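Student: pasting the sequence and the predicted model now:
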Amino acid sequence: MSYQIYSHVLPSATPGTQRMLKAHHFGEAGARPKVYFQAGLHADEWPGFLVLNKLIKLLKKADETGLIKGEIVVIPVANPIGLAQNFHGYIPGRFAFSDGGGNFNRNWPQLGKKIQKRIKDDITNNSSMNESLVRKAIHQELALLPETTELQGMKKTLLALSMDADEVIDLHCSGEASMHAYVAQEFETHFKPLLALLNAKVGLSEFDTGASSFDETNVSVWRNLKADHGDLIPWGSRSLTLELRGENDISNELAHQDSKALFSYLILRGVVDGEKPVIDDSQVEYYPLDAMDLVKAPCAGIVCYHKDIGEKVEVGEMVAEIVNLMDDDVESSSYPLIARTNGVFFARVQRRLVVCGESIAKIAGKEHLSFREAGHLFED
């Protein structure tokens with residue numbers, strides 16, 4: 001048995017308070033492949049908590065029977081800071097209250113240039129040796145990251161646990177949505193089996209969103225080095241953000257289904273021993289992130305949707321309407337929201353009272369949209 005639980009204490013934010021990250025480790029340290037899972041980086045997105053709870057149960061049974069061949073790290077609660085932001089019974093866990101505020105999944109430390117400078121004179125013609133060289137440099141640069149504040153400590157700890165993993169799977173959710181994922185263009189083929197196992201039909205494909213999100217940060221070091229050195233640098237990390245439907249799509253049945261899919265994926269990748277699943281990925285389709293229409297509210301009011309999650313839409317169709325409660329003429333107080341692309345209506349906000357200018361729905365399309373700007377493809 002190799003199962004271990006480690007508690008990582010974060011810097012104390014205020015006198016008398018202390019928070020921790022709990023990491024569940026399976027397999028021998030350093031074994032390959034290594035896969036890292038985390039849930040709740042956005043602390044108001046909770047389906048992943050239950051999914052990883054059930055995945056840990058499956059992994060414990062596999063460990064007891066000697067089936068763990070690689071290394072697996074599971075962080076079931078990745079953001080205790082955000083979870084503590086309880087405001088009159090509501091947990092606004094997407095943005096930090098302190099430490100400068102900001103989205104918990106944006107502006108993570110970027111180590112690419114520092115690592116490039118550290119190893120540029122040591123690159124060889126052996127890709128395996130180069131991989132080891134990069135991993136060592138990552139470890140050295142991570143050690144230099146500041147951890148003065150609680151948030152800095154949390155980010156440094158999560159990166160230290162994830163950046164040497166072959167695969168990083170970050171679990172999130174949307175307000176109301178079908179199962180979908182954000183996948184780097186380079187990894188579309190690699191992660192297609194995972195999306196198929198999860199019955200996800202929509203994958204958002206991107207290269208560089210400009211967000212410096214957690215999953216992009218794990219990959220960016222390798223991407224930057226490959227840009228300069230090509231195949232001499234292998235993909236030492238592949239990552240994706242997995243959106244587990246909507247905020248209220250939480251049940252034992254769904255969590256069991258999703259955890260079984262993740263476990264089957266670990267078997268497929270040889271991390272866990274077992275009979276490899278048969279994959280039918282014919283229903284999985286990738287859509288460019290710069291072709292995703294962000295439907296915005298033209299005014300504040302009540303939103304009424306005309307399309308359901310998963311429905312196909314065409315350019316010019318009304319997907320929703322906003323009723324402006326402050327208009328004098330109630331006969332003309334409804335404002336239509338029109339699709340600007342052909343595609344799939346796959347996500348929308350859960351609240352029905354919306355504010356002016358807010359992105360309230362998403363349509364996955366195929367054709368580039370001129371108002372979608374490369375490097376700024378994620379809303380906050």
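Tutor: Yes, it's here.
Student: for Lys260, give me its contacts.
Tutor: Lys260 is in contact with Leu58, counting by CB atoms under 8 Å, 6 or more residues apart in numbering. (Each C-beta comes from the backbone N, C-alpha and C, glycine too.)
Student: same question but for Leu232, I mixed them up
Tutor: For Leu232, the contacting residues are 123-125, 127, 130, by CB under 8 Å, 6+ apart.
Student: go again using 6 Å as the cut-off
Tutor: When contacts are counted by CB atoms under 6 Å, 6 or more residues apart in numbering, Leu232 touches 127, 130.
Student: per-residue confidence for it?
Tutor: Predicted confidence (pLDDT) for Leu232: 96.
Student: and if you look at His376?
Tutor: Per-residue pLDDT puts His376 at 67.
Student: again, but for Tyr182
Tutor: For Tyr182, pLDDT reads 96.
Student: how about the helix or strand where it lies: buried residues?
Tutor: Element membership for Tyr182, per DSSP states H and E: strand 180-184. For strand 180-184, a neighbour-count test (16 or more other CB atoms under 10 Å) marks 180-184 as buried.
Student: name the next helix or strand following that strand along the chain.
Tutor: helix 188-197.
Student: quick one, that following helix and strand 180-184 angle?
Tutor: Angle of helix 188-197 versus strand 180-184, following axes from the mean of the first three to the mean of the last three CA atoms, to 10 degrees, is 170 degrees.
Student: gap between the helix or strand following helix 188-197 and the chain center?
Tutor: Remark: after helix 188-197, the chain's next helix or strand is strand 202-206, criterion DSSP H and E. The chain centre lies 12 Å from the centre of strand 202-206; the measure is CA atoms, centre = their mean, to the nearest Å.
Student: got the CA positions of stretch 348-359 in CSV?
Tutor: Extracted C-alpha coordinates of stretch 348-359, given in CSV (Å, rounded to 0.1, in the frame of the first residue of the first chain):
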residue,chain,number,x,y,z
ARG,A,348,-25.5,30.2,-19.2
VAL,A,349,-25.5,31.9,-15.8
GLN,A,350,-27.7,30.4,-13.1
ARG,A,351,-29.1,33.7,-11.9
ARG,A,352,-32.0,35.2,-13.7
LEU,A,353,-31.4,38.8,-12.5
VAL,A,354,-28.5,40.1,-14.7
VAL,A,355,-26.6,43.3,-14.9
CYS,A,356,-25.9,45.4,-17.9
GLY,A,357,-22.9,44.2,-19.9
GLU,A,358,-22.6,40.9,-18.2
SER,A,359,-21.7,37.8,-20.1
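Student: could I get the buried residue list for it?
Tutor: Buried residues in stretch 348-359, counting neighbours by 16+ other CB under 10 Å, are found at 348-349, 354, 358-359.
Student: still on that earlier bit, for the buried residues of strand 180-184, which one is nearest Ser205?
Tutor: Nearest to Ser205 among the buried residues of strand 180-184, counting by CB to CB, is Val183 at 5.7 Å.
Student: partner strands of the strand holding Tyr182, parallel or antiparallel?
Tutor: Partner strands and pairing direction for strand 180-184 (DSSP bridges) are strand 202-206 (parallel), strand 238-246 (antiparallel).
Student: okay, those in TSV with mean neighbour count and mean pLDDT next?
Tutor: Converted to TSV, these look like this (neighbours: other CB atoms under 10 Å; pLDDT from 0 to 100):
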stretch	mean neighbour count	mean pLDDT
strand 202-206	23	95
strand 238-246	24	98
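Student: so which of those strands gets nearest Ala31?
Tutor: Judged by CB to CB, the one of the strands paired with strand 180-184 that comes nearest to Ala31 is strand 238-246, at 17.3 Å.
Student: would you map out the domains in this structure?
Tutor: Per automatic domain parsing, the domain ranges recorded for the chain read 4-288, 292-365.
Student: switch those domains over to JSON lines; also include distance to Phe371.
Tutor: Formatted as JSON lines, those follow (distance: least, CB to CB, whole Å):
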{"stretch": "domain 4-288", "distance to Phe371": "14"}
{"stretch": "domain 292-365", "distance to Phe371": "8"}
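Student: those domains: which one's closest to Glu373?
Tutor: Nearest to Glu373 among the domains of the chain is domain 4-288; the distance by CB to CB comes to 8.6 Å.
Student: so how far is the first residue of the closest one from its last?
Tutor: 40 Å (CA to CA, to the nearest Å).
Student: ok, Gln18 touching His8?
Tutor: No: Gln18 is beyond contact range of His8, at 11.4 Å (criterion: CB atoms under 6 Å).
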